[in-house]
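coords below, sequence missing:
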């Protein structure tokens, strides 16, 4: 069927009337219909066919580019008020059918992964923020804000009729120059252990200065540095366990050598073992009673039921006997352990720990040097874990199990105390960011000054590059410098200070050769970052710069957005009726 729309009014009305009469009198059955093309007109009267599937959407050219620009800039504006030590917090309120939860945070990755967006460019910024959090642990807000500022400047250039490919080429030149400048101002003090330890403390305090634990940043920085130094250059952050225990104040948090498991020892088992052999398992130990699924068993007397129960007990007893052949002093199982196998092992003096969750089982196997086993037929091939002491301890009013002197000596546990779960959750996120940044610093060994120093230094270098470029790419390079300059501007604005004066003063000081100048957000002036001990990890800055540029370049290349039709869930027998309704709606639009 072909329905045409003419530019002549009377011809269009006549064809529409004929088409509507065909639909009403004869109907159109989708099962027997070949191809349906509905011709519609655009804004200027050009006839355009509906080529894609019904209900699909298509955006082209400037409209598509505007769509992605708006989405990315909206995400950037959402999180930029959380940037810097004076950044504000967000309340994330999720409402479900049965319960609702509240999260208070200023962590960019936590905010962005908690929201649901329908804009493709916004999803790209959320994804790069997640990658930044997974790789280096910090800079999640910076990468989203920088990408948004780059696109804000690119939008202005596009409106000036500069082709996106020229903007991308200029951005690439500016990115390389910025990275070169960033590496030139980086410092490396790893040869001097005392200076490097001081750098680690400064980096931890700088990272925590924008978090909830700001008032106790020195205390928590010490906890993070001690925990990371125990790793001895390794990146196995799984060896650092963080436990949240409501009660007390944040200052009562502490670092404990060894691994603490949030479980209790089974009843009737020894509560302390010295130099034990530890068997870590993931096996069902809960079928000493009748538990038949998917089948029926008919018996004619209770004696038969007793025989089945006895057979189940016999199977469990033989399984426990196989476990005891490994000669373990401690048996840890990820799954539930029923009373009967627990009693059998307790009679042999074995400490039983059940329901160690998956995360706890994996960590225990790593720090104890053990294998996680599911079958017990070959004791000679099973690797048991070792430590110096396993004992039950009390933290607050709850019982925990502590593994001291683990085979992986870098294992440790940080116990966080606080007045509420919301505070503990944010303290955990803050400490996790600091630990990740410290681990990256120990690996890369290079640092830069904070307080907007590195961003402004890169901006100045990029501006100098723009003066040497004669083509249109020079405008894109200048825009890149403006985007970099926006970061210290936002930091100053979030503190309530005069950003124009502070940013210009910082730029003037750096031009004058004061290489350690930066924003002092405590007093609202330009200070010496070396004296204020404001230091950041080079790898965090590099990762944020590269990720933001790549995301901006990817979004700038977009000139066409195709949205597929939603999946229909109606009864297939009603498809023709839906098709019929859509045709009628299309005909109404033509009139």
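Thanks, I have the structure now. On a predicted model such as this, the values are computed, not experimentally measured, just so you know.

other residues contacting stretch 339-353?
When contacts are taken as C-beta atoms under 8 Å, 6 or more residues apart in numbering, the neighbours of stretch 339-353 outside the stretch itself are 261, 263, 265-271, 273, 276, 285, 288, 313, 316-317, 319-320, 323-324, 328-333, 337, 354, 390, 401. Every C-beta, even on glycine, is put in place using the N, C-alpha and C of the backbone.

which stretches of the chain have low pLDDT?
Residue ranges of the chain with pLDDT under 70: 1-56, 96-99, 288-295, 358, 565-591.

returning to what we had before: list buried residues within the contacts of stretch 339-353.
Members of these that pass the buried threshold by neighbour count (16 or more other C-beta atoms under 10 Å) are listed as 261, 263, 265-266, 269-270, 273, 276, 285, 288, 316, 319-320, 323-324, 328-333, 337, 354, 390, 401.

hmm, back to that, which ones among the contacts of stretch 339-353 map onto helices?
Assigned to helices by DSSP state H, the following of the contacts of stretch 339-353 qualify: 313, 316-317, 319-320, 323-324.

as a markdown table, the residues you listed with distance to residue 374 would be great.
Conversion of the ones in helices among the contacts of stretch 339-353 to a markdown table gives the following (distance: C-beta to C-beta, whole Å):
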| residue | distance to residue 374 |
| --- | --- |
| 313 | 21 |
| 316 | 16 |
| 317 | 19 |
| 319 | 11 |
| 320 | 15 |
| 323 | 12 |
| 324 | 17 |
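
closest one to residue 218 out of those residues, please.
The nearest member of the ones in helices among the contacts of stretch 339-353 to residue 218, counting by C-beta to C-beta, is residue 323 at 48.5 Å.

quick one, what contacts the closest one?
Per C-beta under 8 Å, 6+ apart, neighbours of residue 323: 279, 281, 331, 345, 376.

just the residues you listed now: which is nearest residue 102?
Here the nearest of the contacts of residue 323 to residue 102, counting by C-beta to C-beta, is residue 281; it sits at 38.4 Å.

go ahead and confirm that closest one touches residue 331.
Yes. In this structure, residue 281 is within contact of residue 331 by C-beta atoms under 8 Å, at 7.0 Å.

name the SS class of the residue lying closest to residue 241 once chain neighbours are set aside, please.
For residue 241, the nearest residue in space outside its immediate sequence neighbours is residue 413; the separation is 4.3 Å by C-beta to C-beta, 6 or more residues apart in numbering. Under the three-state scheme (DSSP: H, G, I helix; E, B strand; the rest coil), residue 413 adopts strand.

hey, where'd the strands end up in the stretch 351-500 of the chain?
Taking DSSP state E, counting those that start in this stretch, the strands of the stretch 351-500 of the chain run over residues 351-353, 372-373, 385-386, 389-395, 398-404, 412-418, 447-449.

can you put these in TSV and add distance to residue 110?
Conversion of those to TSV gives the following (distance: least, C-beta to C-beta, whole Å):
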stretch	distance to residue 110
strand 351-353	32
strand 372-373	31
strand 385-386	34
strand 389-395	26
strand 398-404	26
strand 412-418	17
strand 447-449	25
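
distance check, the residue most central in space within the chain against residue 469.
To find the centre residue of the chain, average its C-alpha atoms and take the closest one (C-alpha atoms, centre = their mean): that gives residue 130, at 3.7 Å. Using C-beta to C-beta, to the nearest Å, one obtains 35 Å as the distance from residue 130 to residue 469.

my guess is residue 481 contacts residue 464. True?
No. Residue 481 is not in contact with residue 464 according to C-beta under 8 Å; the separation is 9.1 Å.

rewinding a little: bridged to the residue nearest to residue 241, which residues?
Per DSSP bridges, residues listed as beta-bridge partners of residue 413: residue 241, residue 256.

nearest to residue 551, of the ones in helices among the contacts of stretch 339-353?
The closest of the ones in helices among the contacts of stretch 339-353 to residue 551 turns out to be residue 323 (C-beta to C-beta; 52.5 Å).

ok, now how distant is the closest one from residue 372?
Taking C-beta to C-beta as the measure, residue 323 and residue 372 are separated by 14 Å.

any residues in contact with both of these two?
Between them, residue 323 and residue 372 share the neighbouring residues residue 281, with contact defined by C-beta under 8 Å, 6+ apart.

list the contacts for residue 404?
For residue 404, the contacting residues are 257-258, 387-391, by C-beta under 8 Å, 6+ apart.

could those residues go into a markdown table alongside distance to residue 560?
Written out in a markdown table, the entries for the contacts of residue 404 read as follows (distance: C-beta to C-beta, whole Å):
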| residue | distance to residue 560 |
| --- | --- |
| 257 | 58 |
| 258 | 58 |
| 387 | 60 |
| 388 | 64 |
| 389 | 65 |
| 390 | 62 |
| 391 | 65 |
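
for ChimeraX, what selects the buried ones among these?
Per 16+ other C-beta under 10 Å, the buried members of the contacts of residue 404 correspond to this ChimeraX selection:
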select :257,258,387,390,391
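
now, which of the contacts of residue 404 sits nearest residue 563?
The shortest distance between residue 563 and any of the contacts of residue 404, using C-beta to C-beta, involves residue 258 and amounts to 53.9 Å.

which one is the closest one nearest to, not counting chain neighbours?
Of all residues beyond its chain neighbours, the one nearest residue 258 is residue 404 (4.1 Å), with distances taken as C-beta to C-beta, 6+ apart.

ignoring the adjacent residues along the chain, who's closest to residue 284?
Nearest non-adjacent residue to residue 284, counting by C-beta to C-beta, 6+ apart: residue 335, 5.7 Å away.

ok, the one you found touching residue 356?
No. Proximity of residue 335 to residue 356 does not meet the contact threshold set by C-beta under 8 Å, at 9.0 Å.

about what we covered before: quick one: contacts for the residue nearest to the centre of the chain?
When the contact criterion is C-beta under 8 Å, 6+ apart, the partners of residue 130 are 109, 112-113, 140.

quick one: buried ones out of the residues you listed?
A residue is treated as buried here by neighbour count (16+ other C-beta under 10 Å); on that basis the buried members of those are 109, 112-113, 140.

and the closest residue to residue 216 other than its chain neighbours, how many neighbours does it have?
Using C-beta to C-beta, 6+ apart and skipping the chain neighbours, the partner closest in space to residue 216 is residue 250 (5.3 Å). Residues near residue 250, counting by other C-beta atoms under 10 Å, number 18.

from residue 257, how far off is residue 250?
Taking C-beta to C-beta as the measure, residue 250 falls 21 Å from residue 257.
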